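Student: Fold the stuff below for me.
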Amino acid sequence: MTEQVIDQINAKQLAGQNFRDGYNCAEAVVRAFRDVMEVDISDEALRMASGFGGGLGHAGCMCGALTGAVMVLGMLQGRVSKDQNRGPIYNSAQEFHSIFKAKFGSTCCRVLNRHPFDTKEHLRNCIKITGNTAELLEQYLEANNLQSS
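Tutor: A predicted model of the protein is given here:
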């Protein structure tokens, strides 16, 4: 996608498009924020999101879109030394978890999407969840004045 097109698209749209293009929910969210908000996430770091799709590799546990969002929060607030305060990222992760659960009613992939993996119905539902998670994260970042550094 060209920079000009990215400038005209929001995280919700880009996350949904990333999912349509074949990225899983976690990858789609992390990629969207890397591109839209210019968060410094390397291609190598993006690879870490791959195992979170389908609620941890199709295990159906924690929603991959949610874990991708928390990965973005970690890029913005995470620590690189044990001496740094983990409070800010823990607080943000917990708050966002609560926001997600209030919006969708659950954080569990298999509860959010009861359709068999990779069916049309499943994919259609995941696109909605992925896009809406990106929108929630965009709102959360704005409300809390969290930006890439």
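
Student: Low-confidence ranges, this structure, go.
Tutor: For the chain, the stretches flagged by pLDDT under 70 are 1-8, 148-149.

Student: Going by neighbour count, which residues in stretch 140-147 are buried?
Tutor: Going by neighbour count (16 or more other CB atoms under 10 Å), the buried part of stretch 140-147 is Tyr140, Leu141, Asn144, Leu146. C-beta: built from backbone N, CA, C; applies to glycine.

Student: Tell me how far the second one lies from Lys120.
Tutor: For Leu141, the distance to Lys120 under the criterion CB to CB, to the nearest Å works out to 32 Å.

Student: cool, the last one as well?
Tutor: Between Leu146 and Lys120 the computed distance is 36 Å (CB to CB).

Student: now swap in the third one and tell me
Tutor: Per CB to CB, Asn144 is found 36 Å from Lys120.

Student: need the contact list for Gly68.
Tutor: Contact partners of Gly68, counting by CB atoms under 8 Å, 6 or more residues apart in numbering, are Cys25, Ala26, Glu27, Ala28, Val29, Val30, Ala49, Phe52, Thr133.

Student: Which of these fall in strands?
Tutor: Per DSSP state E, strands hold no members of the contacts of Gly68.

Student: Please enumerate the helices of this protein.
Tutor: For the chain, the helices defined by DSSP state H cover 3-7, 11-20, 25-36, 43-46, 53-56, 64-77, 87-104, 109-112, 120-143.

Student: Ranking the ones you listed by mean neighbour count, which comes first?
Tutor: Of the helices of the chain, the one with the most neighbours on average (mean count of other CB atoms under 10 Å) is helix 25-36, at a mean of 27.
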